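[1] show me the folded form of this:
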Amino acid sequence: MVSFLVFACVLNLDVPQVGRTLPQVHAQETDRTPALIRWWDAEDRGDVDTAVAQFAEPAVYIGTMPTGNCSAQTPCTDLAGIRQQIQRNVGVHFCTSIRWLQVSGAVVTGEREIYSDYDHSIGVERIVQNFIAVVTQDKITFTAGVLNLGDPETAFAAAIDAGTQPALPPILGPTTPCAALSLMRGEAEHGTVLRPKKKLGGSIL
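    Predicted coordinates:
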């Protein structure tokens, strides 16, 4: 019941628009974020075991795919299903770039950019995902994500997946910002301030 209520909150998130002022996560609020940072960092590095280890048993994982494993239609509710999804993410070389995080008790909300081989194969550099997670005793018990369709590139990727737009030529040799996540992981685990970062060209990390 709790998981359902939290997921309902996801569906009603006030999805931030590109270019809005980004909130900051202050030191006293970062106690719930390290499990998420470790998950994404391990996934970026291809370390499936460490990524899965950040989840409780049982846990709920709802990704942004419309159907299939860990989708809104068939959420993952055990570590076996979550492992399968993380292996899929690793297989397409997921790379997470955090835009912002906000903590309220055990609940962490935020926004991240995801770069992957799949999106590059359809001519999309990255997608933007808004997410909500519940972290209890340093383990993720619930996580769900929705695409930020207010971001034009994300909306275009969703249209390609829906078959209403043709794919673009593949992006060859893309540059991904995975190193920025490792830096933020160190800040979170040492209790320093997590702030939105900028990379060359003005893209928000």
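[2] and residue 40, which of the three is it?
    The three-state label given to residue 40 by DSSP: H, G, I helix; E, B strand; the rest coil is helix.
[3] looking at this structure, which helix or strand does the model trust least?
    helix 2-11 (a mean of 41; mean pLDDT, DSSP states H and E).
[4] those strands in this structure, which residues are they?
    For the chain, applying DSSP state E gives strands covering 55-62, 95-104, 107-115, 127-136, 139-147.
[5] out of those, which is closest to residue 83?
    Among those, the nearest to residue 83 by Cβ to Cβ is strand 55-62 (9.0 Å). Bear in mind the C-beta positions are built from the backbone N, C-alpha and C, glycine included.
[6] can you report how many residues lie near the residue lying closest to residue 105 once chain neighbours are set aside?
    Using Cβ to Cβ, 6 or more residues apart in numbering and skipping the chain neighbours, the partner closest in space to residue 105 is residue 32 (7.9 Å). By other Cβ atoms under 10 Å, the residues close to residue 32 number 22.
[7] tell me the contacts of residue 32?
    By Cβ atoms under 8 Å, 6 or more residues apart in numbering, the residues touching residue 32 are 103, 105, 106, 107, 108, 135.
[8] correct me, but the first one touches residue 34?
    No - with contacts counted by Cβ atoms under 8 Å, residue 103 stays clear of residue 34, the gap being 11.2 Å.
[9] that older thread, now the strands of the chain in CSV, with mean neighbour count and mean pLDDT?
    Listed next are those as CSV, based on neighbours: other Cβ atoms under 10 Å; pLDDT from 0 to 100:
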stretch, mean neighbour count, mean pLDDT
strand 55-62, 20, 97
strand 95-104, 21, 92
strand 107-115, 22, 95
strand 127-136, 21, 97
strand 139-147, 21, 98
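[10] right, and those strands - which one's nearest residue 77?
    strand 55-62 (5.6 Å).
[11] relative to strand 139-147, how tilted is that closest one?
    20 degrees (axes from the mean of the first three to the mean of the last three Cα atoms, to 10 degrees).
[12] okay, strand 55-62 in CSV with CA atoms only?
    C-alpha atoms of strand 55-62 as CSV (Å, rounded to 0.1, in the frame of the first residue of the first chain):
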residue,chain,number,x,y,z
PHE,A,55,18.6,-2.1,-2.6
ALA,A,56,16.7,-3.6,0.3
GLU,A,57,15.0,-7.0,0.0
PRO,A,58,12.2,-6.6,-0.9
ALA,A,59,12.3,-3.3,-2.8
VAL,A,60,10.2,-1.8,-5.6
TYR,A,61,11.8,-0.4,-8.8
ILE,A,62,9.7,1.3,-11.5
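[13] alright, calling it a day.
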